[in-house]
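*Asks:* give me a 3D structure for the following:
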Amino acid sequence: MIARVWLLAFWLLLANSANATSHHLYVVERSFESVQQSIKEYFATKSYRVEDREDKIFEIYFDLPELSYLKRDGFIRYRAVEYLTKKRKRVRYREKIEYSSDSNVTYHFPVKHYNSVKTFEEKHQLLSLVKRRERQSFLDRLKQDGLEYPMRLKEIVQVSKLVETYEISSDTTRVGSVSINKMEASAFGITTSFLMVDIVSKADQSIIDDLSEAIGTKDTKAIDSEYSLVFEQMERDINLFYWILRYPYLLNLLYAVALGIVGILIIFVLFRRRLLSSKVD
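*Replies:* Here you go, the predicted model:
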């Protein structure tokens, strides 16, 4: 009996490994067009079946002031994918809330926009987006993972991206994908732009190695979490980004100091002019 249990566990482990999907994210210091050309040239030498599509996506990442989810490779985000209706070709959005406490399992919750506020939670930017029928399930999920006060969640960064994705298949089996992401990340009214490549493989490391070499990221450190990658870019391009998030009053203090310095300079210039004019008299 014990032997059968171990054998079953072994086969389940093999099955999970075979179906494992890994993401490798890279920031690329190249143009969108040149990366696109490199990917097309790579596929031209292979026998894979490739289907491509383009998406426009908007995301808002949320976290606690102490950035708990960032530190444990988790994330909470609102995600909207743009599409056109079939009949009237109107722009609509497929919306959802995505949540992962540690990047191992991702939960999805439906979004609905309401015209009225009925509960205290609906005053919160994130919680108000979750469909009312699913909201308690969402809150329970957060609390099960240790978040006692969901109202403390705050917006960290907004991301707009244009994504060109190439789905890779061998015969009838999907083996992975590669996507080029034109990213615009915004916080505190400041926007930074960069190019991100996402290589996805289903238990085939050779695809990741080959595409990384073709794109020129073979020796570049890959990041598994898009939230971490975006945060690193914001830290690089916005001075004191981490500290302003941790201590929001710091930004107001910096503004006050800057205004104070400007005020002192103006007073100094006016006083100096008056002093000089009095000497001339």
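*Asks:* secondary structure element for the residue positioned nearest the centre of the chain, which one?
*Replies:* Among the residues of the chain, the one closest to the centroid is Y227, at 4.1 Å (C-alpha atoms, centre = their mean). In the assignment (DSSP states H and E), Y227 maps to helix 226-237.
*Asks:* equivalent analysis for D219, please.
*Replies:* Here D219 is assigned to no helix or strand, by DSSP H and E.
*Asks:* what separates it from Y26, distance-wise?
*Replies:* 11 Å (C-beta to C-beta, to the nearest Å). Where you see a C-beta, it was placed from the backbone N, CA and C, and this is true even at glycine.
*Asks:* now the strands for the stretch 151-281 of the chain?
*Replies:* Secondary structure of the stretch 151-281 of the chain by DSSP state E, counting those that start in this stretch: the strands cover 154-170, 173-187, 190-202.
*Asks:* the first one pairs with which strands, and in what direction?
*Replies:* To tie it back to what came earlier, the one meant is strand 154-170. In the sheet, strand 154-170 lines up against strand 49-63 (antiparallel), strand 173-187 (antiparallel) (DSSP bridges).
*Asks:* same question for the shortest one.
*Replies:* As defined by DSSP bridges, the strand partners of strand 190-202 come to strand 21-28 (antiparallel), strand 173-187 (antiparallel).
*Asks:* if we can go back for a sec, more neighbours: which of D219 and Y26?
*Replies:* Y26 (22 against 7; other C-beta atoms under 10 Å).
*Asks:* I76 pairs with what?
*Replies:* Partner residues in beta bridges with I76, using DSSP bridges, are F62, Y99.
*Asks:* what does the pLDDT read for it?
*Replies:* Looking at I76, its pLDDT stands at 97.
*Asks:* list the contacts of it.
*Replies:* Shown in contact with I76 (C-beta atoms under 8 Å, 6 or more residues apart in numbering): 61-63, 69, 97-99, 126, 153.
*Asks:* mind putting the residues you listed into CSV with pLDDT and neighbour count?
*Replies:* Output for the contacts of I76, formatted as CSV (pLDDT from 0 to 100; neighbours: other C-beta atoms under 10 Å):
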residue, pLDDT, neighbour count
Y61, 98, 23
F62, 98, 22
D63, 96, 23
Y69, 95, 26
I97, 98, 23
E98, 97, 15
Y99, 97, 21
L126, 97, 19
L153, 96, 20
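*Asks:* of these, closest to A44?
*Replies:* E98 (34.5 Å; C-beta to C-beta).
*Asks:* roughly how far does the closest one sit from V178?
*Replies:* Using C-beta to C-beta, E98 is found at 21 Å from V178.
*Asks:* tally of neighbours for E41?
*Replies:* Other residues close to E41 by other C-beta under 10 Å number 10.
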